[in-house]
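fold the following for me, if possible:
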Amino acid sequence: MAERAPFNVLDPAAAGDAQRRGSDPRELDRGMEQMLSYIYASLPNYPLYLGQQFHAAGAAPDRADRISRLPRELRRDIVSRLPVKDAARTAVLSWRWRTIWLSTPLVLVDAHLLPKGQAFPPTYSTNSQPITAAVSSILEAHPGPFSCVHLICSRMDSYRPQLARWLQLFAAKGVHDLVLVNRPLPLDVPLPATVFTITTLTRLYLGLWKLPGTAALRGASFPHLRELGLCSCKWSPATSTTSSPGAPSWRSSTSWDA
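Numbers count the residues shown, from 1 in each chain. Coordinates of the predicted model:
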């Protein structure tokens, strides 16, 4: 008899718990996979170039470095459109590039930090540790601000201290576009209230979190927020999207269950 394929979302502990409750773990796994697919498809795009790699076939005979002679602002624009690994590597190209990465608003998408050979979306067997370690290292090293950060690949229930630190760094250094999606299970990992102190946000998407109660919103300020998306978030008592006093002119606010 052929061996059954492993679960895509459920880990063995969650599958065993489902069986003890009389549920079919494979049906639950399929449902969770569909939910995640819907969430991922609903997220906003990020401003990176991921197209064909071009080779310098037409390079000058003297092999002169023309790109490094471009104006600084143009080089910053180039770096801002690269996946974070490639952007960081530009620092070793030449002395002209060493300060560009640190002075460019960072774009960080953790899907680009998946282990080699691991395709998106991640499965239950994907190791979150190297992803969260890389995210922590990048956020600590870069002085900010962060233009766009999408963190959607880790099971944050096991990395709550790291999550709390990331939100502190976002609040201190500034981030404009932030997407945070927890990989289940569990479905009720609490999101630290620090997220409500990030005053620089213009867009915020949250998925699969337990949101803080209304008391955490006291003093919250989102003066620049124009777009809010909440997907499959559990609400603490007396929590409401209408209770955020610092976002009087949202362009759009969306809350849905996958």
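
distance of the residue nearest to Asp11 when sequence neighbours are not counted relative to Pro12?
Closest residue to Asp11 apart from its sequence neighbours, by C-beta to C-beta, 6 or more residues apart in numbering: Tyr124 at 4.7 Å. Bear in mind the C-beta positions are built from the backbone N, C-alpha and C, glycine included. According to C-beta to C-beta, to the nearest Å, Tyr124 stands 8 Å off from Pro12.

higher neighbour count, those two?
Neighbour tally, Tyr124 and Pro12, criterion other C-beta atoms under 10 Å: the higher count belongs to Tyr124, 19 against 11.

test my guess that that one contacts Ala13.
No: applying C-beta atoms under 8 Å, one finds Tyr124 not in contact with Ala13, separated by 10.0 Å.

enumerate every residue touching the spatially closest residue to Tyr159 that is not a sequence neighbour.
Closest residue to Tyr159 in three dimensions, ignoring its sequence neighbours and counting by C-beta to C-beta, 6+ apart: Thr132, at 4.8 Å. Counting by C-beta atoms under 8 Å, 6 or more residues apart in numbering, Thr132 makes contact with Ser154, Tyr159, Gln162.

I'd say the second one and Asn127 touch.
The one in question is Tyr159. No: Tyr159 is not in contact with Asn127 according to C-beta under 8 Å; the separation is 11.7 Å.

these two: which is more packed in?
Taking other C-beta under 10 Å, Tyr159 and Asn127 do not tie; Tyr159 has more neighbours (21 against 13).

just the helices in the stretch 151-258 of the chain please.
Ranges of helices in the stretch 151-258 of the chain, per DSSP state H, counting those that start in this stretch, are 160-173.

just to revisit the earlier point, host element of the residue nearest to Tyr159?
Element membership of Thr132, judged by DSSP states H and E, is helix 128-141.

now that helix: average pLDDT?
Mean pLDDT, computed over helix 128-141, is 95.

same thing with stretch 174-183?
Per-residue pLDDT over stretch 174-183 has a mean of 96.

please apply the same query to stretch 106-125.
87.

compute the first-to-last residue distance for it.
29 Å (C-alpha to C-alpha, to the nearest Å).

so for that stretch, what gets flagged as buried?
Across stretch 106-125, burial judged by 16 or more other C-beta atoms under 10 Å covers 106-114, 118, 121-122, 124.

redo the residues you listed as a markdown table? Include distance to Ala87 and secondary structure.
Output for the buried residues of stretch 106-125, formatted as a markdown table (distance: C-beta to C-beta, whole Å; DSSP: H, G, I helix; E, B strand; the rest coil):
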| residue | distance to Ala87 | secondary structure |
| --- | --- | --- |
| Leu106 | 8 | strand |
| Val107 | 7 | strand |
| Leu108 | 9 | strand |
| Val109 | 11 | strand |
| Asp110 | 14 | helix |
| Ala111 | 15 | helix |
| His112 | 10 | helix |
| Leu113 | 12 | helix |
| Leu114 | 17 | coil |
| Gln118 | 21 | coil |
| Pro121 | 23 | coil |
| Pro122 | 22 | coil |
| Tyr124 | 30 | coil |
